[in-house]
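Chemist: what's the 3D shape of this:
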Amino acid sequence: MTEMLMQTFEHPAAWTRAEMQNSDVWKYTLNQDEVDELKAAVRQAMAKGRPLREMAADDFPLPLLTPRIDKLREELEYGRGFELWRGLPVGEWSEEELSTAFWGLGLHLGAPIVQNSKGELLGSVINTTSTDPTQNADSRFYHTNHAAPFHVDGADVVGLACVRPSKTGGASLVVSSCSIYNAILRDHPELIPLLYEPLWFDHRGEHNAITGKPYWVTSICGWNNGKLSTMYLRNFIESGQRYEGAPPLTDKHRQLFDVIDALASSDELCLSMDFRPGDIQWLNNHTTLHSRTSFTDWDDPGRRRWLLRLWLNFSERDRFTDSYGFYGIAVEEGKAA
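Modeler: I've put the predicted structure just below:
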């Protein structure tokens, strides 16, 4: 069996709401010189006329911002695991300029990877359907205005840039999955072994490009470079039960999921933040779970809530890989999530 941790995981990524709520340590506001550098980099990159996929970090020079991005990477990988940037001048850019700016920042932070079977590398989180994903196993929350369950995305880091907020609601919720683990160990130690058992995760209509299977198999908890790593997508686990051969979930599994959900949304651990135009939220998917509340959108499609999304891996070898294949490979090679 994969190594289990049966003692409190002491790490900067194991933070609580009280530690973060009244602190600005996780917030950074771009200064005018940095904004000007971004604008110049956008102009230079677009003048070359290359598609985003063919751009390299050198095509988007950021000598002033690079040390700050390096500090961000260090914080994401070895520190608290999340950060909020403010001040991206979204109101001054066209959609193409916005995309170029966010993509260029991402290239300096990590390697972009594919987000879905369509091959999207720069995604849009926008309300396009009223379908409730809890009632349709093949739908996705990021295309709706429904509240999303706590989950991780399929990369080391997810970056979300707010272009337009919703009319009301849509608060972003972030929680330390390491602190959830510690709380389970404190209150329900008998459930810890279940975190290391293999489970079937549904691709929800997006077959793995490498295996061709509609699901992948891994555990909720595992180890990544000596650090505790959590992959939690309850609705993906539960809809994985639709496939023949899936090991049936037990009452103990459902108790575990209920405990995780309760801890994730608890006053003890859950940090809420609003999204303003020009904000970028950076999250390490190994050490945080994220969610959002439901929201009311504008009637005018041109004003609807719109976020740009990047999935990034820290290793260059994962550049442009199929993220759905990434998890499948990890399992079949016997590695932790």
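Chemist: contacts and neighbour counts: CA atoms only from here.
Modeler: Will do.
Chemist: can you map out the helices along the stretch 101-250 of the chain?
Modeler: With helices called from DSSP state H, counting those that start in this stretch, the stretch 101-250 of the chain shows them at 177-187, 234-239.
Chemist: just those helices: most buried one?
Modeler: Ranked by mean neighbour count, those are led by helix 177-187 with a mean of 21 (mean count of other CA atoms under 10 Å).
Chemist: next one: it to chain centre, how far?
Modeler: Relative to the mean C-alpha coordinate of its chain, helix 177-187 is positioned 20 Å out (CA atoms, centre = their mean, to the nearest Å).
Chemist: helices or strands next to it in the packing?
Modeler: The helices and strands touching helix 177-187, judged by 3 or more CA pairs under 8 Å, 6 or more residues apart in numbering; DSSP states H and E, are strand 227-230, helix 251-264, strand 288-292.
Chemist: pLDDT below threshold where in the stretch 1-150 of the chain?
Modeler: Scanning the stretch 1-150 of the chain for pLDDT under 70 picks out the ranges 1-2, 127-145.
Chemist: quick one, which of the helices of the stretch 101-250 of the chain gets closest to residue 281.
Modeler: Across the helices of the stretch 101-250 of the chain, residue 281 has its closest neighbour in helix 177-187 (16.9 Å, CA to CA).
Chemist: could you tell me the angle between that closest one and helix 251-264?
Modeler: 120 degrees (axes from the mean of the first three to the mean of the last three CA atoms, to 10 degrees).
Chemist: what about helix 177-187, average pLDDT?
Modeler: Across helix 177-187, pLDDT averages out at 98.
Chemist: kindly report the same for stretch 273-287.
Modeler: For stretch 273-287, mean pLDDT is 95.
Chemist: now that stretch, how far from the chain's geometric center?
Modeler: That offset, for stretch 273-287, works out to 9 Å (CA atoms, centre = their mean).
Chemist: end to end, how far does it reach?
Modeler: Using CA to CA, to the nearest Å, the end-to-end distance of stretch 273-287 comes out at 18 Å.
Chemist: swap in stretch 299-311?
Modeler: Stretch 299-311: ends 29 Å apart by CA to CA.
Chemist: as a quick check, tell me the outermost residue of this structure.
Modeler: Farthest-out residue of the chain from its mean C-alpha position, per CA atoms, centre = their mean: residue 47, at 31.1 Å.
Chemist: for the host helix or strand of it, buried residues please.
Modeler: Using DSSP states H and E, residue 47 maps to helix 32-48. By neighbour count with 16 or more other CA atoms under 10 Å, helix 32-48 contains the buried residues 34, 35, 37, 38, 39, 41, 42, 45, 46.
Chemist: from those residues, which two are the most distant?
Modeler: Comparing all pairs in these by CA to CA, the longest separation belongs to 34 and 46, at 18.3 Å.
Chemist: follow-up on the earlier one: out of the helices of the stretch 101-250 of the chain, which is closest to residue 13?
Modeler: helix 177-187 (6.5 Å).
Chemist: quick one, that closest one and strand 288-292 angle?
Modeler: Using the same axes, to 10 degrees: helix 177-187 against strand 288-292 is 100 degrees.
Chemist: got a list of contacts for helix 177-187?
Modeler: For helix 177-187, contacts defined as CA atoms under 8 Å, 6 or more residues apart in numbering pick out 6-9, 13-16, 191-192, 228-230, 259-260, 263-264, 269, 286-289.
Chemist: can you dump the C-alpha coordinates of it into PDB?
Modeler: The C-alpha coordinates for helix 177-187 follow below in PDB (Å, rounded to 0.1, in the frame of the first residue of the first chain):
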ATOM      1  CA  SER A 177      -6.300  20.000   1.600                       C
ATOM      2  CA  CYS A 178      -3.400  19.400   3.900                       C
ATOM      3  CA  SER A 179      -5.400  20.900   6.800                       C
ATOM      4  CA  ILE A 180      -8.400  18.800   5.800                       C
ATOM      5  CA  TYR A 181      -6.100  15.800   6.100                       C
ATOM      6  CA  ASN A 182      -4.900  16.900   9.600                       C
ATOM      7  CA  ALA A 183      -8.500  17.400  10.700                       C
ATOM      8  CA  ILE A 184      -9.500  14.000   9.500                       C
ATOM      9  CA  LEU A 185      -6.600  12.500  11.400                       C
ATOM     10  CA  ARG A 186      -7.600  14.400  14.500                       C
ATOM     11  CA  ASP A 187     -11.400  13.600  14.400                       C
END
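Chemist: circling back to that earlier point, packing partners of the helix holding residue 47?
Modeler: helix 95-109.
Chemist: quick one: contacts of the helix it packs on?
Modeler: With CA under 8 Å, 6+ apart, helix 95-109 has contacts from 38-39, 41-42, 45-46, 52, 56-57, 60, 66, 69-70, 73, 90, 112, 122, 161, 308, 310, 312, 314.
Chemist: quick check: phi and psi at residue 22.
Modeler: Backbone torsions of residue 22, given as degrees, to the nearest 10, read phi -100, psi 20.
Chemist: having no further points to raise, I will conclude here.
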